[in-house]
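*Asks:* The sequence isn't on hand, but the structure is:
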């Protein structure tokens, strides 16, 4: 069963023409959990559209707890994005990227690959001047 229809594949292929540098997606999942398996399926299809620039690493969360802990992963499915140098971007998507979250995933991939940010210069300067780390979490529900 495919997750993307032909129209979605065509649209994504066109969007991915803007990719400049590799993006490494790291998925921690539970092979016994439906959401995790579906997430892996979605990501396999997305990465398959541009295999020269998109790379997927998949880790069983329970067999790779040390690696998960190094990335700060406590829940699955958890997707991390690394840039062209394979540096951790800090971008995390928890849960299955479907619906609006799928669009966020695609925009994140494009931003990491092109090195761009959609934040205003004022916001970027504000963030650079923060004195303490800030953890920002956005919660959504599939309803």
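*Replies:* All right, it came through fine. The structure displayed is predicted, hence computed values, not measured ones. Numbers count the residues shown, from 1 in each chain.

*Asks:* Might you report the residue contacts of residue 127?
*Replies:* Residue 127 makes contacts with residue 119, as judged by CB atoms under 8 Å, 6 or more residues apart in numbering. Placement of C-beta: from N, CA and C, glycine included.

*Asks:* Can you say which helix or strand has residue 109 in it?
*Replies:* helix 100-114 (DSSP states H and E).

*Asks:* Check which residues of that helix are buried.
*Replies:* Residues of helix 100-114 classed as buried: 101-102, 105-106, 108-113 (neighbour count, 16 or more other CB atoms under 10 Å).

*Asks:* in the chain, what spans have low per-residue confidence?
*Replies:* The chain contains residues with pLDDT under 70 at 1, 140-143.

*Asks:* need the strands for it, in chain order.
*Replies:* Applying DSSP state E to the chain gives strands spanning 23-29, 54-60, 78-82, 88-94.

*Asks:* What strands flank the second one, and is each parallel or antiparallel?
*Replies:* To tie it back to what came earlier, the one meant is strand 54-60. If you go by DSSP bridges, strand 54-60 pairs up with strand 23-29 (parallel).

*Asks:* Just the angle for the strand it pairs with relative to strand 88-94, thanks.
*Replies:* 40 degrees (axes from the mean of the first three to the mean of the last three CA atoms, to 10 degrees).
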